[in-house]
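Student: sequence and predicted structure, then a few things I'm wondering about:
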Amino acid sequence: MADMEYPLTERGSVRISDEVVQIIAGVAANEVDGVIGTSGSLAGGLTESITGRKNLARGIKVQFDEAARACTIEVWVQLRFGVSIPEVGYQIQEHVKSSVETMTGLRVDAVHVHVVGVAFQTDTERAQDADQIGAAAGEDRSTGGIA
């Protein structure tokens with residue numbers, strides 16, 4: 001993929017790397033309620049576990065159209081079991097499109113969402129959710145009473 005270049009004035013130009021657009025899209029997709037995460041290749045997952053750094057561009061593909069100053073974005077996601085897949089997909093499309101257009105000035109022609117998995121809540125996640133709900137309600141879980 002190539003970078004998108006914006007010629008400005010006699011002072012120079014601005015180049016936006018495709019990876020920057022991928023990161024913006026990845027962060028935006030992960031902000032949507034119901035998204036467990038973006039899903040990349042096995043090699044990307046191994047790299048993350050070895051380096052300990054999260055790859056925010058994982059599961060995102062961007063294609064630039066230089067002449068139109070536009071791009072098409074593909075997003076591979078895993079969703080939480082029980083959510084409405086079409087509704088979450090639509091929210092991903094809207095949020096990714098809005099974020100990329102606002103931050104880069106590029107026009108987003110399309111956001112294609114590929115749902116590659118559905119994840120169930122683990123016992124640990126259920127306990128964390130219960131703790132958060134209890135804290136919001138003012139419950140003290142250590143004594144079983146109200147704080």
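Tutor: Looks like it arrived, so ask away.
Student: show me the strands in this protein, by range?
Tutor: Taking DSSP state E as the test, the strands found in the chain are 4-7, 13-16, 35-38, 60-65, 70-80, 107-119, 139-140, 145-146.
Student: dump these into CSV; add mean pLDDT, mean neighbour count and distance to Ile92 as well.
Tutor: The C-beta positions use only the backbone N, C-alpha and C, and glycine is treated the same way. Shown next, in CSV, are the strands of the chain (pLDDT from 0 to 100; neighbours: other Cβ atoms under 10 Å; distance: least, Cβ to Cβ, whole Å):
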stretch, mean pLDDT, mean neighbour count, distance to Ile92
strand 4-7, 64, 14, 22
strand 13-16, 81, 12, 21
strand 35-38, 90, 20, 7
strand 60-65, 91, 19, 11
strand 70-80, 94, 20, 6
strand 107-119, 94, 15, 5
strand 139-140, 52, 14, 34
strand 145-146, 51, 8, 39
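Student: let me have these in CSV, extended by distance to Gln91.
Tutor: Formatted as CSV, the strands of the chain follow (distance: least, Cβ to Cβ, whole Å):
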stretch, distance to Gln91
strand 4-7, 26
strand 13-16, 25
strand 35-38, 9
strand 60-65, 16
strand 70-80, 11
strand 107-119, 10
strand 139-140, 31
strand 145-146, 36
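Student: do you know which of those strands lies nearest Gln93?
Tutor: The closest of those to Gln93 is strand 107-119. By Cβ to Cβ, the value is 4.2 Å.
Student: show residues contacting that closest one.
Tutor: Strand 107-119 has contacts (Cβ atoms under 8 Å, 6 or more residues apart in numbering) with 25, 36, 39, 65, 68-81, 85, 89, 92-93, 96-97, 100-101.
Student: return the set of buried residues in the helix ranked longest in the chain.
Tutor: In the chain, taking DSSP state H as the definition, the longest helix is helix 85-104. Under the neighbour-count criterion of 16 or more other Cβ atoms under 10 Å, helix 85-104 has 88-89, 91-93, 95-97, 99-100, 104 buried.
Student: which of those lies closest to Phe120?
Tutor: When those are compared against Phe120 (criterion: Cβ to Cβ), the nearest one is Val88, at 15.7 Å.
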